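> Okay, here's the prediction I keep looking at, along with the sequence it came from:
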Amino acid sequence: MKVGAFSISLSVKDLKVSKEFYETLGFLIFAGDLEHNYLIMKYGNAIVGLFQGMFEGNIITFNPGWNQNAEKQDNFDDVRAIQKHLRSTGIKLVKEADELTEGPDSITLFDPDGNTILIDQHV
C-alpha cells in the first residue's frame with residue numbers, strides 16, 4: 001500500500017514563534033501563508049506543517065499521489081483503495097472518502113494510541 005508523502009501537522013499556539021523555532025533548526029518555508037494561519041516547513045525530506053487555530057492536537061499526515069516535494073506521482077494508491085484495504089483489516093475510520101467520486105478526498109483514523117492519522121489525497 002502506497003500512502004504517499006509523510007509529514008506531521010502540528011497545532012501551534014503562535015505561528016510566528018513556531019516558524020522562527022523551526023527556521024533555527026534549518027527548516028525553510030515550503031508552502032502556506034502566515035495570514036491564513038498555516039505554514040509548511042521543509043528540511044531535506046522532513047516536512048512539518050504548522051497550523052494555528054485550525055485543529056486540536058497533532059496529526060500524522062500522508063498524501064497519496066504526492067512525493068516529498070508535493071509533486072504529483074503517476075503510480076500511487078488512490079485514497080479509496082487505501083480505505084478499502086484498511087476496512088478489510090478491521091481498522092475503523094473516523095472519516096471516510098466518498099467511493100463514488102474520483103480525485104481529491106481524505107480519510108481519518110486513529111492509531112492504537114489515539115494519534116490521529118490523516119490520509120489526504122490532493123490529486
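Looks like it came in fine. Nothing here was measured: the structure is a model prediction, and the numbers come from that model. Numbering: from 1, shown residues only.

> Now do the same contact list for the residue positioned nearest the centre of the chain.
Most central in the chain under C-alpha atoms, centre = their mean is Thr61, positioned 2.8 Å from the mean C-alpha point. Counting by C-beta atoms under 8 Å, 6 or more residues apart in numbering, Thr61 makes contact with Phe6, Ser7, Ile8, Ser9, Gly49, Ile117, Leu118, Ile119, Asp120. Where you see a C-beta, it was placed from the backbone N, CA and C, and this is true even at glycine.

> so what's Lys72 closest to, chain neighbours aside?
Val123 (5.2 Å; C-beta to C-beta, 6 or more residues apart in numbering).

> same question, Val48
For Val48, the spatially nearest residue (C-beta to C-beta, 6+ apart) is Met41, at 4.8 Å.

> does the residue nearest to the centre of the chain count as helix, strand or coil?
strand (DSSP: H, G, I helix; E, B strand; the rest coil).

> Now do the strands in this protein.
Using DSSP state E, the strands of the chain run over 5-12, 28-33, 38-43, 46-52, 59-63, 93-95, 105-110, 116-121.

> Save these as a markdown table, and put in mean pLDDT and distance to Phe21 too.
Formatted as a markdown table, the strands of the chain follow (pLDDT from 0 to 100; distance: least, C-beta to C-beta, whole Å):
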| stretch | mean pLDDT | distance to Phe21 |
| --- | --- | --- |
| strand 5-12 | 98 | 9 |
| strand 28-33 | 98 | 13 |
| strand 38-43 | 98 | 10 |
| strand 46-52 | 98 | 9 |
| strand 59-63 | 98 | 19 |
| strand 93-95 | 98 | 30 |
| strand 105-110 | 98 | 27 |
| strand 116-121 | 98 | 22 |
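
> residues touching the closest residue to Ile29 other than its chain neighbours, list them.
Closest residue in space to Ile29, ignoring its immediate chain neighbours: Leu39 at 5.6 Å, by C-beta to C-beta, 6+ apart. By C-beta under 8 Å, 6+ apart, the contact set of Leu39 is Leu15, Lys19, Ile29, Ala31, Gly32, Asp33, Gly49, Leu50.

> can you check Val12 too?
Val12 neighbours (C-beta under 8 Å, 6+ apart): Ser18, Leu50, Phe51, Gln52.
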